[in-house]
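Peer 1: what follows is a predicted protein model with its sequence.
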Amino acid sequence: MHPMHPVAQMIYAALYPNLDENAAVNITPGYTLYEASYREFYTETDPKAASLETRIGPVTMNTPVLAAAMDTVSGTPMAQAMSKIGGAAVIFRHRLAKTQLAWAKEAVNTKPFLKAKPICLRMNDRIRKVEETYKRTHHSTYPVLEGKKLVGMIFARDISWEGKEEHSVAKWMKPLKHLKTVSPETPFETIRHRLLNEKNCRVLPVMDKNGIFHGMYFVKDVRHANPAWHNGKPLVGMAIGVHNRDILRVKRGLQLGVAIYVIDSSHGNCSPVIKQAKRVVKLVADRGAVIAGNVASVDSYVRLAETGVHAVKAGIGSGSICTTSQVTGVGVPMWTLIRELRFAQKYLKAKGLHAPDIIADGGISGPGFAVRALLAGAHTVMAGEWLAAANESGSPEIKNLRREINGFMENRYRGMASVGAINDRSSDRYGITKSAPEGVDGWVRNRGPLLDWWDKDDELMRGGFGHLGVKNITELHKRGDDPYTWLRFSGAGQQQMAVRVTTS
Ligand code: XMP
C-alpha cells in the first residue's frame, strides 16, 4: 500500500486541522453542487458584459465548457458546434485511432459559420424557380453559378415576382462585379468585421482566385458568434488512453492542429496515467493543453500536478449516468471536491510549485451548476448530460441515437462504462479490459441544434455572474473564497428550489 503523498498530507492537515489520527471516528462532510448555493452581491455591471473567458495552459476558451469524451456526446458534429460557441468537445477515444483522427481532422478543418453547400441557381434558370425555391425553403439569398464559378447572387426578397416568371435569373441577379466577396483564406474575424460594419453587407460569398465558389457567410449567423480558436483553427480536443500506441494519436493530432489532449481514465491517480501524462506534457510542450483525470482527492491532484499537466479533471461518481459510487463505494461530492482542490492549488502556488487548473466533471447539468462549480474554484466544466440534449450529440454509428416518445424527441445518453458502450468498444480490439458496468444507458430530452439554445444558457451563466457581482472568472474565484458566499440547502430547501407546479 502506498502512503499518501507527503504534500497532500500537509494540505489535508491544513484543510482539516481537527482530524486526529488516533481518534476512533474521523469523517469529513461532503457537499454536492445540488445543495451548495450562493448569496447574491451588489453589482453595477451588466451581466451581458461579463467575460466567460478561461484558459487551459496555452489554450483560450470563450466559454468555459468542454463536451464530455463520451460516444453519445462528442463526435465531429459536437466538436464543430462546441468550437462555435467558444468551448470545445473532447472527441472520445474508444474507437480505432484512424476513426478518432478522421473525426478530429474534419472538426479542425471546419470553417465555422460557413454555409458550404447552399442551394445554387444557374443564369438561365427562370424566376419562377427562384420563387418556388424561396417559398419552399424561406432562404432569400442564392448564389448563381456557371459550372463551379460564382457569377452573381440573387436576392429573392428584392424581387416582386409578378410578370417576371419567365425572366432569366441572369436578368435579376446582382452580377459578380457588384458583389463583395472574400477568399477561402480570409480569417473569420475579418469576415465578421466586414459583415457587421460594411454597408449593404448581409452576406459574403467565398470565392477563390480561380473564381470557384466555396460557400457563404451570413451576418445573422456571425452577429453573436465568439468561436474558440487555436492557431487559426477551431478548438478541438481528443481523449487518449495510457498505452504507447496512444502517443501516436497525440503526434497525429498535433499535425492536424488538435489543441486539447485529455488522458482519460476513471481513476487518474495511478502509475499508467501519471507516466502517460508526463510523456504527453513533454510531447505537446506549448502546442496545446494537456489535461489528466479523473481525480477525487488532494493526493491525486498533487501527483498529477507533478507531471506538469495544465489541468486536472475532477469528479468520480458525480456523473448523471454514473453508478460508480453505488457499485464501488467511491465518491466525493463535487462542491467539497472543488473546494479541496482549490485549496490545494493555492497551497502549491504559494510554495512555488506547478498547480494545474481544475475542471469540474460530472453533474454539471446546466448553467446554474456550471456557475456554482466555477464559483467553487473550477476554471472550466465538462458536461455530458447538458450537451447530450443537442442535435449534434453522439457518434453516428451508434444505433438508436434518437427516439420519439409522446411527441417529444429524445437523444440517447449513456455512460462510457454502461453495457452498451463497453460492447461498442470492441472496434478498438485492444481496449477491452472492462466487463462490469459502472454506468447506465438512458435518454435526455432533445433541445434542437446547440446554437439555437446555447444563447439562453449563456445568458443564464452570465446571470449567475451578475448575481455574484463579478465580471470574470478571476473575480468569481475570489468571490467563491469569500467566507460569506456559500450556504447549504437542506433537503427541504432543495424541494423548495425545485419547480412545484405541474408544467404539462
Ligand atoms: P454528466 O453528469 O455531465 O457527467 O452527464 C459526465 C461525466 O461522467 C463521467 N462518466 C462516467 N462515470 N460511469 C461513471 O461512473 C460511466 O459509465 C461514465 N461515463 C462517463 C465522465 O467523467 C463524464 O465526463
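Peer 2: Looks like it arrived, so ask away. Numbers count the residues shown, from 1 in each chain.

Peer 1: OK, contacts around Pro333?
Peer 2: Counting by CB atoms under 8 Å, 6 or more residues apart in numbering, Pro333 touches 30-33, 318. From N, CA and C alone the C-beta is placed, and that goes for glycine too.

Peer 1: pull out the buried residues from the residues you listed.
Peer 2: Buried members of the contacts of Pro333, counted by 16 or more other CB atoms under 10 Å: 31-33, 318.

Peer 1: so what secondary structure elements neighbour the biggest helix by length in the chain?
Peer 2: Ranked by residue count under DSSP state H, the longest helix found in the chain is helix 450-468. Where contact means 3 or more CB pairs under 8 Å, 6 or more residues apart in numbering; DSSP states H and E, helix 450-468 is packed against helix 76-84, helix 367-376, helix 473-481.

Peer 1: so does the helix or strand following the longest one get close to the ligand?
Peer 2: The C-terminal neighbour of helix 367-376 among helices and strands, as given by DSSP states H and E, is strand 380-383. Yes - part of strand 380-383 sits near the ligand under the criterion CB under 6 Å from any ligand atom, namely 382-383.

Peer 1: just the CA trace of strand 380-383, in CSV.
Peer 2: C-alpha atoms of strand 380-383 as CSV (Å, rounded to 0.1, in the frame of the first residue of the first chain):
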residue,chain,number,x,y,z
THR,A,380,-13.8,25.0,-16.8
VAL,A,381,-16.5,22.5,-16.6
MET,A,382,-17.1,19.3,-18.5
ALA,A,383,-20.6,18.3,-19.4
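
Peer 1: ok, residues contacting it?
Peer 2: Here strand 380-383 makes contact (CB under 8 Å, 6+ apart) with 54, 56, 61, 64-68, 90, 311, 313, 315, 357, 359-362, 364-365, 369-370, 373-374.

Peer 1: please apply the same query to stretch 281-294.
Peer 2: The contact list for stretch 281-294, computed with CB under 8 Å, 6+ apart, reads 56-59, 230, 237, 247, 250-251, 254, 258-268, 273, 276-277, 280, 304, 307-316, 359, 361-362.

Peer 1: pull out the buried residues from that stretch.
Peer 2: The neighbour-count check on stretch 281-294 (16+ other CB under 10 Å) flags 281, 284, 287-294 as buried.

Peer 1: out of those residues, who's nearest the ligand?
Peer 2: Among the buried residues of stretch 281-294, Asn294 lies closest to the ligand (CB to the nearest ligand atom), at 5.6 Å.

Peer 1: partners of the helix or strand where that closest one lies in the sheet?
Peer 2: Per DSSP H and E: Asn294 is located in strand 289-295. According to DSSP bridges, strand 289-295 has the following sheet partners: strand 260-264 (parallel), strand 311-314 (parallel).

Peer 1: between those strands, which one is closest to the ligand.
Peer 2: Closest approach to the ligand among the strands paired with strand 289-295 is made by strand 311-314 (7.0 Å; CB to the nearest ligand atom).

Peer 1: need the contact list for Lys349.
Peer 2: Counting by CB under 8 Å, 6+ apart, Lys349 touches Ala355.

Peer 1: check for me that it belongs to a helix.
Peer 2: Yes - counting by DSSP: H, G, I helix; E, B strand; the rest coil, Lys349 is located in a helix.
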